[in-house]
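**Q** Fold the following.
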Amino acid sequence: FYTKVYFRRNGTCNAIVSDLVCHGERKNIKIKTGRVGKTLISVPMCPKPTNVKETTAQFTCDTGASFLHSIILPVKCSYVPCNLGFWIPDWSEDNYWDGENSYSGDYWGTKDWWSFDERGDKDNWFRGQP
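**A** Residues are numbered from 1 along each chain as shown. Got it, this is the predicted structure:
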């Protein structure tokens, strides 16, 4: 736990609370993706806050006045994917992601995408080894 300062009312009031900071190194887990023709991939996982709770903090203002206000604090850390992404299997004929609906985030890809020559700067994602 570390100290964190929350501000309200244009920075003239603040509250000091204990805040959870997640520690740990990035690690890769192997999962099978897809419901049909599962493909083994390795996904980078990072420690991040996954559970939060609402609590009350006392804010003190520059004028000396104080008030209570609810804030949300993390209470548990877990390993979750470092980046969001999505997967489109080879057999899919869904054209939703083409054109104006194209997805700008990381693309977990098709089999062609997983080849080392095709992935380019997406080397954070790599095919899992059996």
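
**Q** Strands of the protein, residue ranges please.
**A** All strands of the chain, identified by DSSP state E, fall at 2-8, 13-19, 27-33, 39-61, 66-81, 85-87, 106-109, 126-127.

**Q** helices and strands around the longest one, which ones?
**A** Right, the one you point to is strand 39-61. strand 2-8, strand 13-19, strand 27-33, strand 66-81, strand 126-127 (3 or more CB pairs under 8 Å, 6 or more residues apart in numbering; DSSP states H and E). To be clear about C-beta, it is placed using only N, CA and C from the backbone, and glycine gets the same treatment.

**Q** weakest of the strands of the chain by average pLDDT?
**A** Here the lowest mean pLDDT among the strands of the chain goes to strand 126-127, at a mean of 44.

**Q** and Thr56, how many neighbours?
**A** For Thr56, the neighbour count with other CB atoms under 10 Å is 9.

**Q** cool, and the one 4 residues further on?
**A** Summarising burial for Thr60: neighbours were counted as other CB under 10 Å, giving 14.

**Q** show me the contacts for the closest residue to Asp62 other than its chain neighbours.
**A** Closest residue in space to Asp62, ignoring its immediate chain neighbours: Thr12 at 4.9 Å, by CB to CB, 6 or more residues apart in numbering. By CB atoms under 8 Å, 6 or more residues apart in numbering, the contact set of Thr12 is Cys61, Asp62, Thr63.

**Q** Equivalent analysis for Leu68, please.
**A** Leu68 neighbours (CB under 8 Å, 6+ apart): Thr56, Ala57, Gln58, Phe59.

**Q** out of those, which is most surrounded?
**A** Among the contacts of Leu68, the one with the most neighbours (other CB under 10 Å) is Phe59, at 19 neighbours.
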